[in-house]
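A.B. asks: task: produce atomic coordinates for the following.
(4 chains)
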There are 2 protein chains.
Amino acid sequence: MKRTRLEEEECPVARALDAIGDWWSLLIIRDAFDGMTRFGQFQKSLDISRGILATRLKHLVSVGVLATTPVGGFKEYRLTEKGRKLFLVVVSLRQWGEDHCFRKGEKRSALVETGSGRPIRRLELHAHDGDVLAPDATTVRKVAE
Amino acid sequence: MKRTRLEEEECPVARALDAIGDWWSLLIIRDAFDGMTRFGQFQKSLDISRGILATRLKHLVSVGVLATTPVGGFKEYRLTEKGRKLFLVVVSLRQWGEDHCFRKGEKRSALVETGSGRPIRRLELHAHDGDVLAPDATTVRKVAE
DNA sequence: GCAAATGGTTCGATTATCGAACTTAGTTCC
DNA sequence: GGAACTAAGTTCGATAATCGAACCATTTGC
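C.D. replies: So this is what the prediction gives:
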């Protein structure tokens, strides 16, 4: 397959995808947010080949999204701070999936506030002054920093 | 590669990734948000094999993220309403990439409000009552609908 | 200890991607 | 209107990643 590398791209979207944009990574991260930490948990949840799971976990550790701690000889995989910051990516995917990838009446899981059990709000994009922004009200601009 | 299908998954994240979770799709969608509509534009921007670009475009059309309109014999690829709703996914990836995938001093592009040129706000997750929520304050719950 | 489960690696077969060549259709220019 | 050029999309051989099962090591259960 010879995956094209995007590490040197100037676009933050491309760099993010370089780290977590493959087929399985975001599902592993989703499971990690759900509290999974062990190889076998991921493997069973995702029904993924063991070999490729090992590769993916190593990659996610190497880019700093997951970290391992030895627990009784084996490893535990936990989200780092960097990894936890991916929560909004997962949530935005979830909300889009809820809206557009289910037929009426189909069962689905939902994200709720732990304490109250009430659903979380929809994500919104806000301008600097706080107004809600539509996609076509934004532009990508090159900047140096 | 025999990509595993996630169409029947109960999780909205999995279904979303089934539609747009491969290596190139989100980059194509990003470019579409930047105004690209033609095969050659995508091809030059992404430096992607023509064959795989054609496959990806067909897939994105088949899942309803892009739509084609014939223009002078060729096709134009434009985001559908469903596709435009992916904007928050792209933005969340971008913000994460900005925060975690650049070294200090590196050039990067930025997303700004078209009129004022001012940067957009960071995305935040809000509880039902409006409070900002941390990831560990949420739980995935199975629900029927 | 022994059996069963878990963690992880290895390997052959399959499948997707790459990159370039090729085909077809539009565009430009005179 | 014809030649040269560009752009869109397909095809194909080589390569690389995924799959799935087998295999070994370590741990846990009894």
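
A.B. asks: quick one: average confidence on stretch A:127-140?
C.D. replies: Averaged over stretch A:127-140, pLDDT sits at 73.

A.B. asks: stretch A:20-29 now?
C.D. replies: 93.

A.B. asks: start and end of that stretch, how far apart?
C.D. replies: Chord length of stretch A:20-29, first to last residue, is 9 Å (CA to CA, to the nearest Å).

A.B. asks: for that stretch, buried residues please.
C.D. replies: Going by neighbour count (16 or more other CB atoms under 10 Å in any protein chain shown), the buried part of stretch A:20-29 is A:20-29. In this view, the C-beta of every residue, glycine as well, is placed from N, C-alpha and C.

A.B. asks: any idea how far that stretch is from the chain center?
C.D. replies: Offset of stretch A:20-29 from its chain centre (CA atoms, centre = their mean, to the nearest Å): 7 Å.

A.B. asks: ok, stretch A:118-130 next?
C.D. replies: Distance, centroid of stretch A:118-130 to centroid of chain: 19 Å (CA atoms, centre = their mean).

A.B. asks: pull that stretch out as PDB, backbone CA atoms only.
C.D. replies: This file holds the C-alpha atoms of stretch A:118-130, laid out as PDB (Å, rounded to 0.1, in the frame of the first residue of the first chain):
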ATOM      1  CA  ARG A 118     -28.700  13.700  29.700                       C
ATOM      2  CA  PRO A 119     -27.400  13.900  26.200                       C
ATOM      3  CA  ILE A 120     -24.500  16.300  25.500                       C
ATOM      4  CA  ARG A 121     -25.100  19.400  23.300                       C
ATOM      5  CA  ARG A 122     -24.200  19.600  19.700                       C
ATOM      6  CA  LEU A 123     -20.900  21.000  18.700                       C
ATOM      7  CA  GLU A 124     -21.000  24.500  17.200                       C
ATOM      8  CA  LEU A 125     -18.400  26.600  15.500                       C
ATOM      9  CA  HIS A 126     -18.200  30.100  16.900                       C
ATOM     10  CA  ALA A 127     -16.600  33.300  15.500                       C
ATOM     11  CA  HIS A 128     -14.300  35.300  17.600                       C
ATOM     12  CA  ASP A 129     -17.200  37.400  18.800                       C
ATOM     13  CA  GLY A 130     -19.200  34.400  19.700                       C
END
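
A.B. asks: would TSV of the buried residues of stretch A:20-29 with secondary structure and distance to A:Ala14 be doable?
C.D. replies: Compiled in TSV, the buried residues of stretch A:20-29 are given as follows (DSSP: H, G, I helix; E, B strand; the rest coil; distance: CB to CB, whole Å):
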residue	secondary structure	distance to A:Ala14
A:Ile20	helix	12
A:Gly21	coil	8
A:Asp22	coil	13
A:Trp23	coil	17
A:Trp24	coil	19
A:Ser25	helix	15
A:Leu26	helix	16
A:Leu27	helix	21
A:Ile28	helix	20
A:Ile29	helix	18
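
A.B. asks: okay if I get those as JSON lines plus distance to B:Leu86?
C.D. replies: Formatted as JSON lines, the buried residues of stretch A:20-29 follow (distance: CB to CB, whole Å):
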{"residue": "A:Ile20", "distance to B:Leu86": "16"}
{"residue": "A:Gly21", "distance to B:Leu86": "14"}
{"residue": "A:Asp22", "distance to B:Leu86": "18"}
{"residue": "A:Trp23", "distance to B:Leu86": "17"}
{"residue": "A:Trp24", "distance to B:Leu86": "20"}
{"residue": "A:Ser25", "distance to B:Leu86": "18"}
{"residue": "A:Leu26", "distance to B:Leu86": "14"}
{"residue": "A:Leu27", "distance to B:Leu86": "18"}
{"residue": "A:Ile28", "distance to B:Leu86": "21"}
{"residue": "A:Ile29", "distance to B:Leu86": "18"}
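
A.B. asks: tell me, which of the residues you listed make contact with DNA strand C?
C.D. replies: Contacts with DNA strand C are made by none of the buried residues of stretch A:20-29, judged by CB under 7 Å from any atom of the strand.
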